[in-house]
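1. got a structure for you, letters missing:
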């Protein structure tokens, strides 16, 4: 069954989407799970919307935007967005020391947000690399299995070589017997006369 392009623009598979977005297939799966990309399944294959992939590609920011982090808990998750906006504080009736302390807090907040962005960027790169390594591992043959196959092939070759030597010896003995019979044939003819 072919995909009907007139009815739907779900014409790109996961591998093609990963190439277009320049991310791993695992990341494409995450986008699907996060409902950033819609899917359509035809003949057991997953098809993605070309329009949504282009939209995601155009809106993609190289540094992840982090929003809304709850500092009251020690649990920080990459799934929880972090707020990267500096809240403006109304500084109407504060003294100069209070203003200085507020600017220090703002500076600390901005520095912390930059560190979180950098950590998320590193985490994103690590996840991408993990996806690459997983695909390499699944497509590679384990060394032990490869050594076992080589040993089995070597044993088969040795067995064939022995059988070949036996066949050569049998041919040689048959030829030798035939030559002896042919050499003794004139003697038998003389004896029979």
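-> Received it, and whenever you're ready, just let me know what you need. All values reported here derive from a predicted model rather than from experimental measurement. Numbering: from 1, shown residues only.

2. tell me the helices and strands packed up against the lowest-mean-pLDDT helix or strand in the chain.
-> Lowest on mean pLDDT, DSSP states H and E among the helices and strands of the chain sits helix 96-139, with a mean of 85. Using 3 or more Cβ pairs under 8 Å, 6 or more residues apart in numbering; DSSP states H and E, the elements in contact with helix 96-139 are helix 25-33. C-betas here are computed from N, CA, C, even on glycine.

3. in the helix it packs on, what's buried?
-> Neighbour counts over helix 25-33 (16 or more other Cβ atoms under 10 Å) mark 25-29, 31-32 as buried.

4. now for whichever helix or strand comes after it, which elements pack on it?
-> Counting by DSSP states H and E, the next helix or strand C-terminal to helix 25-33 is strand 39-42. Helices and strands touching strand 39-42, by 3+ Cβ pairs under 8 Å, 6+ apart, are strand 45-49.

5. and the least confident helix or strand of the chain, how far out from the chain middle?
-> 25 Å (Cα atoms, centre = their mean, to the nearest Å).

6. ok so, going back, wait, which of the buried residues of helix 25-33 is closest to residue 54?
-> Residue 54 lies nearest to residue 31 out of the buried residues of helix 25-33, by Cβ to Cβ, at 13.3 Å.

7. my guess is the closest one contacts residue 56. True?
-> Yes: counting by Cβ atoms under 8 Å, residue 31 touches residue 56, with 6.8 Å between them.

8. residues shared between the contacts of the two?
-> Overlap of the contact sets of residue 31 and residue 56 (by Cβ atoms under 8 Å, 6 or more residues apart in numbering) consists of residue 37.

9. mind listing what the residue nearest the centre of the chain touches?
-> Closest residue to the average C-alpha location of the chain: residue 135 at 2.2 Å, with Cα atoms, centre = their mean. Residue 135 is in contact with 24-25, counting by Cβ under 8 Å, 6+ apart.

10. gap between it and residue 53?
-> Counting by Cβ to Cβ, to the nearest Å, the gap from residue 135 to residue 53 is 20 Å.

11. okay, domains of this protein per the record?
-> 10-59, 64-140 (automatic domain parsing).
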